[in-house]
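Engineer: can't give you the sequence, but here's the structure:
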């Protein structure tokens, strides 16, 4: 586990370990900052964590070496499901209605190249979409 590591160094370590460039999050919201990165070489998974308005944003990068798929579920009811295309990449988005909260639970799943990505966060839907629209795809 890498604590308090610079975000750029974390992405570089992921790229070096997986021998490929990955889709990166661009910190595009005020109060959003990079926290930590966990890299599990044996499972070929990297987890990146950001904080935003007192909540945690999780970003999982899953290499395709196995036939399993990433998943996360909120216990809360689904408010809506839809797709959005960013940089010719279809992103499947699920928005959950959280009890006693003005924010929503948001989950985005997409594949780019052969890598699977999962982004989760508790925030307003428009803030979540802003993160998605600002993803940095490898050239």
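Structural biologist: Looks like it arrived, so ask away. For clarity, every value in this text was computed on a predicted model and none was experimentally measured.

Engineer: the helices in this protein, which residues?
Structural biologist: 7-18, 125-133 (DSSP state H).

Engineer: same list (these) but as CSV, adding distance to residue 34, mean pLDDT and mean neighbour count.
Structural biologist: Where C-beta positions appear, they are placed from N, C-alpha and C, glycine not excepted. Below are the helices of the chain laid out as CSV (distance: least, Cβ to Cβ, whole Å; pLDDT from 0 to 100; neighbours: other Cβ atoms under 10 Å):
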stretch, distance to residue 34, mean pLDDT, mean neighbour count
helix 7-18, 4, 93, 15
helix 125-133, 13, 96, 17
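
Engineer: dump these to TSV, plus distance to residue 55.
Structural biologist: Output for those, formatted as TSV (distance: least, Cβ to Cβ, whole Å):
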stretch	distance to residue 55
helix 7-18	18
helix 125-133	10
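
Engineer: now for those, which one comes closest to residue 96?
Structural biologist: Comparison of the helices of the chain against residue 96 by Cβ to Cβ identifies helix 125-133 as nearest, at 10.4 Å.

Engineer: for that closest one, packing partners?
Structural biologist: strand 78-86, strand 89-97, strand 104-112, strand 115-123 (3 or more Cβ pairs under 8 Å, 6 or more residues apart in numbering; DSSP states H and E).

Engineer: angle of that helix against strand 115-123?
Structural biologist: Inter-element angle recorded for helix 125-133 and strand 115-123: 150 degrees (by axes from the mean of the first three to the mean of the last three Cα atoms, to 10 degrees).

Engineer: separation between the residue of the chain positioned farthest from its centre and residue 76?
Structural biologist: Most distant from the centre of the chain: residue 100, at 24.4 Å, with distances by Cα atoms, centre = their mean. Distance of residue 100 to residue 76, given as Cβ to Cβ, to the nearest Å: 11 Å.

Engineer: for residue 46, same thing?
Structural biologist: 27 Å.

Engineer: same check, this time on residue 124
Structural biologist: The value you get for residue 124 to residue 76, if Cβ to Cβ is used, is 15 Å.
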